[in-house]
Structure formats: structure tokens, C-alpha cells
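K.L.:
3D, please:
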Amino acid sequence: MTGVQTCALPISAQAKVLRALQEGKITRVGGDKEISVDVRVIAATNKDLLKEVEGKNFRLDLYHRLGVILIHVPSLNDRKDDIPLLVEKFLQDIADDYGQAKKSIDKKAISALQQHNWTGNIRELRNVVERLIILSGKTITETDVRSHVLPG
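P.N.:
Numbers count the residues shown, from 1 in each chain. As a prediction, the model looks like this:
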């Protein structure tokens, strides 16, 4: 297959972003008048942008323009010790959202969550906690995690 684009931002859009950053000007869709803008950009990706540059899916000049300060945030799989704190936070947040009492979770359930492969990172963990809140009793157990989260 030719012309496969793996980057979420097409090359044509990358050129427009680069121009906006370099010149501080944009043109509205369907418009013909340039508008001056003063913006700062915080960008995030789960891709290796240098590999995307090598594969001609990301512009090197845009990479350099965006790469003033690079921060590597390790995946949830690389920081599983954070899971208990994150689960407690999500239990409280979701209880507040639903206007319900916060559920508890037992240590074996936390341990089971720490064994999971979190390909979706923190977003996946939050969704899983919400699912467990909905499908579990007052206390979320290891059995709940094994039944509703981990593949059987």
C-alpha cells in the first residue's frame, strides 16, 4: 500500500502549523485574509517523531520548531507504582461525578490492576475504574478485576 500516513497530522496541515508558528499568521478556512496570532504550543504524541521524520510522515522543520523543551512521560506500564494513587483519585472523582459514596478497593484488586498491560495508559485506567464502580459492590475485589477487566 502506498501513501500510508501514520502521523495524525497530515503533511499539508503540518506546513500550515509551521507557518503559523514561524510567521505568526493564519488564514481561516474559506478566508483569504491573513490574521496575526501570538500562540504557544504544547504538543503531545505517543509516536517517535524522529522515526516519523525518517518515514517522511512528519516534517523535520516542524519537529525542530516544536522541540524547544522535550519532556518524556513514561507509560503507565513503566510506573505501575502510581496505580494505587491513581485508582484512589479516580474512585473519588467518579463518586463525586455520580453523587455517590466513594467505593473502596481491596489490596488484591490493586495488585491485579498492577499486573494489567495498560496500552491505553491513564485514560484506560480511569475507564476501567469507572467500569469497576458500575459493576462491583461496595468494595471492588480481585474477582471483580479478573471478571470485568482482565481477559479471561
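K.L.:
ranges for the helices of the chain?
P.N.:
With DSSP state H, the ranges of helices along the chain come out as 11-23, 49-54, 60-66, 83-98, 107-115, 121-135, 142-148.
K.L.:
remind me which residues of this protein are low pLDDT?
P.N.:
1-7, 150-152 (pLDDT under 70).
K.L.:
who does the spatially closest residue to R28 that is not a sequence neighbour bridge with?
P.N.:
Take R28 and drop its neighbours on the chain: the residue closest to it by Cβ to Cβ, 6 or more residues apart in numbering is I35, 6.9 Å away. Placement of C-beta: from N, CA and C, glycine included. I35 forms beta bridges with I26, as assigned by DSSP bridges.
K.L.:
List the contacts of I35.
P.N.:
Contact analysis of I35 by Cβ atoms under 8 Å, 6 or more residues apart in numbering lists 25-28.
K.L.:
Looking at the helices of the chain, which is nearest to L76?
P.N.:
helix 121-135 (4.6 Å; Cβ to Cβ).
K.L.:
the inter-axis angle of the closest one versus helix 83-98?
P.N.:
60 degrees (axes from the mean of the first three to the mean of the last three Cα atoms, to 10 degrees).
K.L.:
Show which residues not belonging to helix 121-135 make contact with it.
P.N.:
With Cβ under 8 Å, 6+ apart as the criterion, helix 121-135 contacts 75-76, 83, 86-87, 90-91, 94-95, 98, 103, 105, 109, 113, 116, 118, 120, 140, 144-145, 147-149.
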